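1. how would this look folded up:
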Amino acid sequence: MSIPDDVAFTTELSLLLGIDDSGSGAFFAPDGIVTPGGFCARLIRREGDPFAVRADLFLPVAAAELAGDEVVRLLAIQAVLLEVHGWYLGLSEEGMLRLAMTGWTGSASEICRCLDAGSVIGAHVLRGLFDLTVVAP
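-> Numbering: from 1, shown residues only. This is a model prediction of the structure:
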């Protein structure tokens with residue numbers, strides 16, 4: 001579903017996320033929200049198309065903290081996420097690990113679904129990265 005205007009989109013997104021945003025769009029970069037899974041996230045608008053949005057979620061790990069086997073696991077996890085799930089695992093401007101949707105959407109409900117999926121994926125990335133037991137979703 002395409003959203004006809006910015007106010008309608010931000011209002012629908014606020015309602016779906018349960019955030020009192022009053023249509024201001026405070027969940028868009030550089031501001032952000034906390035997902036139901038506890039991850040900090042922000043929504044990015046594609047330049048030139050204000051209705052094309054993607055979700056970025058931040059993992060509570062500074063990339064500089066990783067070394068040795070953790071880097072090997074990071075690269076293996078990154079390959080699977082990109083190839084199988086369509087999520088990019090990389091570095092944020094702040095130096096934290098970041099999960100980003102590889103596609104764009106104009107649907108508030110799809111953004112909510114992606115934030116939920118990103119929270120689950122983020123939890124699995126952290127478990128896999130630090131060699132904890134991961135249960136398949």
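
2. all strands of this structure, in order?
-> Residue ranges of the strands in the chain, as given by DSSP state E, are 33-34, 40-46, 49-62, 87-91, 96-101.

3. want to throw these into TSV with distance to residue 118?
-> The way it works is simple: take the backbone N, C-alpha and C, and place the C-beta from them, glycine included. Compiled in TSV, the strands of the chain are given as follows (distance: least, C-beta to C-beta, whole Å):
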stretch	distance to residue 118
strand 33-34	12
strand 40-46	7
strand 49-62	4
strand 87-91	7
strand 96-101	5
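
4. so which of those comes closest to residue 72?
-> Between residue 72 and those, the shortest separation by C-beta to C-beta is 13.8 Å, and it involves strand 87-91.

5. Now do the closest one, average pLDDT.
-> Per-region confidence: strand 87-91 scores 94 on mean pLDDT.

6. and that strand, how far out from the chain's middle?
-> 9 Å (C-alpha atoms, centre = their mean, to the nearest Å).

7. Show me which residues of that strand are buried.
-> Neighbour counts using 16 or more other C-beta atoms under 10 Å place 87, 89 of strand 87-91 among the buried residues.

8. List the strands paired with it, with their directions.
-> Strands adjacent to strand 87-91 in the sheet, as given by DSSP bridges, are strand 96-101 (antiparallel).

9. Residues in contact with the strand it pairs with: which ones?
-> Contacts of strand 96-101 with the rest of the structure, by C-beta atoms under 8 Å, 6 or more residues apart in numbering, involve 44, 54-63, 74, 81, 86-92, 114, 118, 121-122, 125.

10. what's the answer for stretch 41-55, then?
-> When contacts are taken as C-beta under 8 Å, 6+ apart, the neighbours of stretch 41-55 outside the stretch itself are 2-3, 6, 9, 13, 27-35, 56-58, 100-106, 111, 114-115, 118.
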